[in-house]
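> Just a sequence and a predicted model for now, questions to come.
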Amino acid sequence: MPLSIETTDLGKSYGAVRAVEHLSLRVAEGEIYAFLGLNGAGKTTTIRMLLGMIKPTTGHATVLGTRVRLGSRQPWSEVGYLVEIPHSYPELTVRENLEVARRLHPGTEPAAVDRIIERLGLAAYADRRSGQLSQGNAQRLGLARSLLHNPRLLFLDEPANGLDPAGIVEIRELLLELTRQRGVTVFMSSHILAEVARLAGRVGIIHEGRLLRELNIDELERERRRRLVLRVRDTGAARQALLGAGQSVQLLPDGALELANASSIERPDEINRLLAQAAVPPVYLAVEEEDLEQYFLRLVGMDGAGGEALR
Amino acid sequence: MNDLRNLLWIEQRKALRSRMVLWTLLASMLAPFGVGFLIWVSKNPEISQKLGLVGAKANLVALAGVDWASYASLFGQVIGAGGFFLAIFVISWLFGREFSDGTLKDLLAVPVPRSLILLAKFIVMAVWSALLTLAIFAAGMLVGVLLKLPGGTLNALLHGAAITAAAGLMVILVVMPFALFASMGRGYLLPIALALVALLFANLVLVLGRGEFYPWAIPMIYAEGKTPLPPASYVIVLLTGLLGWFATDYWWHHADQSR
């Protein structure tokens, strides 16, 4: 499959600080690739290097088959982007800001401005100065600017920023439609994992400038840890009963007990029976799946691993 | 050519919509009306007494004898010093606002050359500054008519206009390096601070008698017309402009843009 983005050993240092290092990515045409990381992980630096705004200290990047160079004209006619906060000229109206963007992309027809205003739901604000827009509408204007010239590749840095829940759904559907119907490639960065899970086909996890993992969204689902959580009235007695039955138990900070071994997750009814027989029947018993945030924090080693191992 | 036309449209629209053109125009009017006021007061000593301007009496007496020839030439000096600051303001705004408003990033990964974006900005700066020069001179002439100055001839007017225009052109050239300072400083502060330093230094070199080789003193010396400038002065002014342009272009092509 042809690649839209390819980086080889891409890195950027600022003096002794390594913002990004040894980054080798492959993003196929037509896929939605999510770049996940905490604030300061190196997501924006990477996007800026891919857009030719920052010169890498090591390696190189190829975007739509063109080697990216600082200050070059290619391949930007087919690339749309939204980097960090979407700034616009505050004294110009929404329509004028988009007209500026249109004129920066020669060959884009004048009608494209009205079309994108309509598509992004900005019609009511078209003649309002952009300095008076709410954060959500400023974000919409930024997205409109990135989509105006029908790009083949979109770089979106935190696209859901500032949008209300309805706006998030709307933009998600728009991006899915662009990829499915027009084969647009989307490279997005985010720290909102639930949003990424609904949208992306593949995820790259970056931490402290390094790519920790790269996985398909179904792999990510599989890798999420499951556990059996139970609450009892007498924790000590329950713990004794479970230990006596050869179970490995962990006491969680909130007083619940956690069993992480496969047999207890597969047969919670057995655990229930065992505790009932020991006269400490559970008042709560559930197989819980690690949520994406916990998975992510575990992966980057920031899960705080609360709990006291009992065995 | 089409790209340049588009970029010029963008720059003029941003400038006209910002009201900055209006503000600089209003600021520029301080000079002709200020000078006119002083001449009016000097011609009417009773007003000068009423206003308590006794300390300034000697200067005012000098102004009382102003005729059209010296009055029209005065505007070259106004452009050399006051016009310099207006042009600094214009260029700092045109370049620095992209950084302070965070709009720079949208000019970077686009299919038009960065050199052309800069060229459009320099052209708008030159046209804007030239229009301010014209406005200052035209308002000055109007004030001259209102003051009924003696000795009004076409020659005196044309001579004053030529000096003002040449001083205006020199100012446009010598402020061009400040586009680089606005870019490097990522805003307005650095170019305005450096302009103050450049003017302070200009006073120093003028005292030392070497102003003809210092680009930010040359327009003032030229407009004063007391000492003829050597050809090297004109070359220095031209080189300052070209160097400012090329250095800004180089910086925009090679510096990391992380804002």
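Everything's here; your move.
> Quote the end-to-end distance of stretch B:147-156.
Stretch B:147-156 has an end-to-end distance of 16 Å (criterion: C-alpha to C-alpha, to the nearest Å).
> List the buried residues in it.
Neighbour counts over stretch B:147-156 (16 or more other C-beta atoms under 10 Å in any protein chain shown) mark B:147, B:149, B:152, B:156 as buried. Any C-beta I mention is one placed from the backbone N, CA and C, and that applies to glycine too.
> Give me the phi and psi for the closest residue to chain B within the stretch 101-250 of chain A.
Proximity to chain B, evaluated over the stretch 101-250 of chain A using C-beta to the nearest C-beta, is greatest for residue A:103 at 3.8 Å. Backbone torsions of residue A:103, given as degrees, to the nearest 10, read phi -70, psi -20.
> Give the full set of residues in contact with it.
Residue A:103 sits next to B:6, B:7, B:9, B:10 when contact means C-beta atoms under 8 Å, 6 or more residues apart in numbering or on different chains.
> Can you tell me the element the third one falls in?
In other words, residue B:9. helix B:2-17 (DSSP states H and E).
> Check the model's average confidence along that helix for me.
Rounded to a whole number, the mean pLDDT of helix B:2-17 is 95.
> Now do that helix: distance to the chain's middle.
Computed by C-alpha atoms, centre = their mean, to the nearest Å, the chain-centroid distance of helix B:2-17 equals 22 Å.
> who does it touch, helix- and strand-wise?
Contact here means 3 or more C-beta pairs under 8 Å, 6 or more residues apart in numbering or on different chains; DSSP states H and E; on that basis helix B:2-17 packs against helix A:94-103, helix B:114-147.
> And those: which comes nearest residue A:152?
helix A:94-103 (16.8 Å; C-beta to C-beta).
> Quick one: work out the angle between the closest one and helix B:2-17.
Note on geometry: by axes from the mean of the first three to the mean of the last three C-alpha atoms, to 10 degrees, helix A:94-103 and helix B:2-17 are set 160 degrees apart in direction.
> The most far-flung residue of chain B relative to its centre in helix, strand or coil?
No residue in chain B sits farther from the centre than residue B:46, which is 35.2 Å out by C-alpha atoms, centre = their mean. Under DSSP: H, G, I helix; E, B strand; the rest coil, the three-state class of residue B:46 is helix.
> so how far is chain A from it?
Using C-beta to the nearest C-beta, to the nearest Å, residue B:46 is found at 48 Å from chain A.
> which residue packs closest to the residue of the stretch 51-200 of chain B found nearest chain A, ignoring adjacent ones?
Residue of the stretch 51-200 of chain B nearest chain A, by C-beta to the nearest C-beta: residue B:102 (3.5 Å). Excluding its sequence neighbours, the residue lying closest to residue B:102 (C-beta to C-beta, 6 or more residues apart in numbering or on different chains) is residue A:87, at 3.5 Å.
> that older thread, buried stuff in the helix holding residue B:9?
The neighbour-count check on helix B:2-17 (16+ other C-beta under 10 Å) flags B:3, B:6, B:7, B:8, B:10, B:11, B:12, B:13, B:14, B:15, B:17 as buried.
> Which other helices and strands does the helix or strand containing residue A:180 contact?
Assessed by DSSP H and E, residue A:180 sits inside helix A:165-182. Secondary-structure packing of helix A:165-182 (3+ C-beta pairs under 8 Å, 6+ apart): strand A:32-36, helix A:135-147, strand A:153-157, strand A:185-190, helix A:193-199.
> could you give the angle of that helix to strand A:185-190?
150 degrees.
> Minimum distance to chain A, which residue of the stretch 151-259 of chain B gives it?
Residue nearest to chain A within the stretch 151-259 of chain B: residue B:253 (3.8 Å; C-beta to the nearest C-beta).
> how near is that residue to residue A:100?
22 Å (C-beta to C-beta, to the nearest Å).
> thinking again about what came up before, any idea which of the helices and strands packed on helix B:2-17 has the lowest pLDDT on average?
Among these, helix B:114-147 scores lowest, at a mean of 94.
> just checking, next helix/strand downstream of it?
helix B:154-174.
> for that next one, which positions count as buried?
B:156-157, B:159-161, B:163-174.
> just stretch A:37-55 next, same as before
For stretch A:37-55, by 16+ other C-beta under 10 Å, it's A:37, A:41-55.
> Return the subset of the residues you listed lying in helices.
A:43, A:44, A:45, A:46, A:47, A:48, A:49, A:50 (DSSP state H).
> Return the set of residues that bridge with residue A:129.
With DSSP bridges as the criterion, residue A:129 is bridged to residue A:93.
> Number of residues surrounding it?
For residue A:129, the neighbour count with other C-beta atoms under 10 Å in any protein chain shown is 17.
> can you check residue A:218 too?
9.
> Which pLDDT value goes with it?
In this prediction, residue A:218 carries a pLDDT score of 85.
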